[in-house]
Structures are given as structure tokens and as C-alpha cells.
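Visitor: Quick one, what's the 3D model for this:
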Amino acid sequence: MEPPFGFTSRLRRETRLQRWIHRNALPLFCVLLPRGDANAYSPNFGYADVEPEVAALVKAAVDIFAKLDAVVEEVDPGFANPRSIFQTLWQAGAAKLLRGFSPEQQAVIEEGLLLIAKEGDGITLAEYLSA
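Guide: Take a look at the predicted model:
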């Protein structure tokens, strides 16, 4: 049985949407970045696991630009995986949001979001500002 949406495991606490974005949508944001007289293309930002089908579609889009005489260079922008930064901000934001909910409202909130907010309650101001 698949866990409810928004809750994949107690270890990862990552929604299916977050996982999809991380693996599939990130390369789309970096298809063509203006870089002087050329356009930079990164298939995975240097760290992301991209599903082969998505990588092929993005590469096909880049090839179309190249066929239109755009100068396209494949680059590795050297980004570090931002997951820990995102998790800190997401968990703290969820905690802040749910603090304003009544006990009755919290009773109908999905378990995964409650666990994320509980993690966010433990984030210090210094940790938040460092993210």
C-alpha cells in the first residue's frame, strides 16, 4: 500500500511532488540561460537525478534551439544540492502555518504535513537564517 500523499517515509518526509520536481523539473529551469553570446544548458545542475525520459525531452528541446542557430553550451553550474536549505525553510514554514490552526483544524491535517511541521518546530532562528 502506498503512503498517503505528502508522506513517503519517516526518514525522508518528502512529498511525491517534491521528489518529482527534484528529479524532473529542475533541468527545465536550466535549459537555456543567457551567457554572453551563448546559452548555457545544464541537464542536471550537476547533482540532480533526472529520469531518462525527461532528460531526453529536455535534450531534444535544446537541440531545437541549436538547429535554430542558437549557440548552446552544456555546462555544470556547480550548484550544491539545495535539499537541506529547502527542507529547513519548508519545515519552519509549515510549523508557522499550523501554529495558527485550531486543534479541530489540525485534526484533519494530513499526517505527513503534521510531521513536517513538528520537525519545523525544532528549527532554531540561527538554523533558519543560515539556510
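Visitor: any idea where the helices of this structure begin and end?
Guide: For the chain, applying DSSP state H gives helices covering 16-20, 26-29, 52-67, 83-99, 103-106, 111-121, 125-130.
Visitor: Going by neighbour count, list what's buried in the fifth one.
Guide: In other words, helix 103-106. The neighbour-count check on helix 103-106 (16 or more other Cβ atoms under 10 Å) flags nothing as buried. Placement of C-beta: from N, CA and C, glycine included.
Visitor: low-confidence ranges in this structure?
Guide: For the chain, the stretches with pLDDT under 70 are 1-36.
Visitor: How is it divided into domains?
Guide: According to automatic domain parsing, the chain comprises the domains 16-74, 83-130.
Visitor: What's the end-to-end length of the shortest one?
Guide: To tie it back to what came earlier, the one meant is domain 83-130. Domain 83-130 has an end-to-end distance of 14 Å (criterion: Cα to Cα, to the nearest Å).
Visitor: and it, how far out from the chain's middle?
Guide: 17 Å (Cα atoms, centre = their mean, to the nearest Å).
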